[in-house]
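S.K.: structure of the sequence below:
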Amino acid sequence: MTKTTHPLVFERQDQGEETARADLYGLLATLFYAPPSQALLDTIASAQSEGDGVLERAWADLVIACKTANAEVVRDEYESLFLGVGKPEVMLYGSYYLSGFLMEKPLAALRTDLSMLGIERVQSVVESEDHIASLCEVMRYLIASDDVLHANLATQQTFFSDHMQAWVDDLCNALEVHPVAVFYLPVSRLARAYFAVEMQAFDMG
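M.R.: Numbering: from 1, shown residues only. Alright, predicted model coming up:
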């Protein structure tokens, strides 16, 4: 499974809705996979932020946070929250929230579904496939891919429902009450708002 490493923007006027969706999933994957570079922070800081909806306000808050964010400080925060010695302060793995343990049945089910989609983890990626960044990257792929057999709205809805919907709010809850989360507070709120929009859109679809 590949990871998005280049800077991503939220939305531009010449983008379609699906491209904007894929971009936001890609950005969340990047922010949760590793500490962002100063270049990415500066890119987000220079992005437009308009509108008064919940998602738009969450995006605007992240843009504001990036305007004063220092990559080294954010790296320290990332490591304190998600790495650490022993058990991380905040887990980024779906199996933990679904079963209470890592490498459990939810991960096995996910691997089965990924295999059916023809998606494999690349050797250089050490995180298991149920890492939130990996799941966001799969959603980005399912939205952006030209593979009409696998990458379609029904597949997106099924994958999100089966592997993300039941626990992403729990992850956001854990982040938003943690005293160390400063930069990752608006990241979490953006993720929560976006996932809520996705759930609503899938339900309406």
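
S.K.: give me every residue that touches the residue sitting nearest the centre point of the chain.
M.R.: Central residue of the chain (Cα atoms, centre = their mean): residue 28, 3.5 Å from the mean position. Applying Cβ atoms under 8 Å, 6 or more residues apart in numbering to residue 28 gives the contacts 132-133, 136, 187, 190-191, 194. Glycine gets a C-beta too; all of them are placed from N, C-alpha and C.

S.K.: what about the chain, any weak spots by pLDDT?
M.R.: Residue ranges of the chain with pLDDT under 70: 1-15, 123-124, 205.

S.K.: helices of that one, start to end?
M.R.: 17-33, 38-45, 54-68, 71-78, 94-99, 105-116, 132-144, 153-163, 168-176, 184-204 (DSSP state H).

S.K.: quick check: which of those helices is buried the most?
M.R.: Most buried of those, by mean neighbour count (mean count of other Cβ atoms under 10 Å): helix 132-144, with a mean of 24.

S.K.: what's that helix packed up against?
M.R.: helix 17-33, helix 153-163 (3 or more Cβ pairs under 8 Å, 6 or more residues apart in numbering; DSSP states H and E).

S.K.: which outside residues touch it?
M.R.: So helix 132-144 is contacted by 1-4, 18-19, 21-23, 25-26, 28-30, 32-33, 92-94, 114, 117, 119, 121, 125, 127-129, 150-152, 155-156, 159-160, 163-164, 168, 171 (Cβ under 8 Å, 6+ apart).

S.K.: do stretch 193-205 as well
M.R.: 21, 24, 28, 54-55, 57-58, 153, 156-157, 160-161, 164-165, 168-169, 172.

S.K.: one more time with 6 Å, if that's ok
M.R.: 24, 54-55, 58, 157, 168 (Cβ atoms under 6 Å, 6 or more residues apart in numbering).

S.K.: can I get those residues in JSON lines with distance to residue 202?
M.R.: Shown next, in JSON lines, are the contacts of stretch 193-205 (distance: Cβ to Cβ, whole Å):
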{"residue": "24", "distance to residue 202": "15"}
{"residue": "54", "distance to residue 202": "17"}
{"residue": "55", "distance to residue 202": "15"}
{"residue": "58", "distance to residue 202": "19"}
{"residue": "157", "distance to residue 202": "4"}
{"residue": "168", "distance to residue 202": "13"}
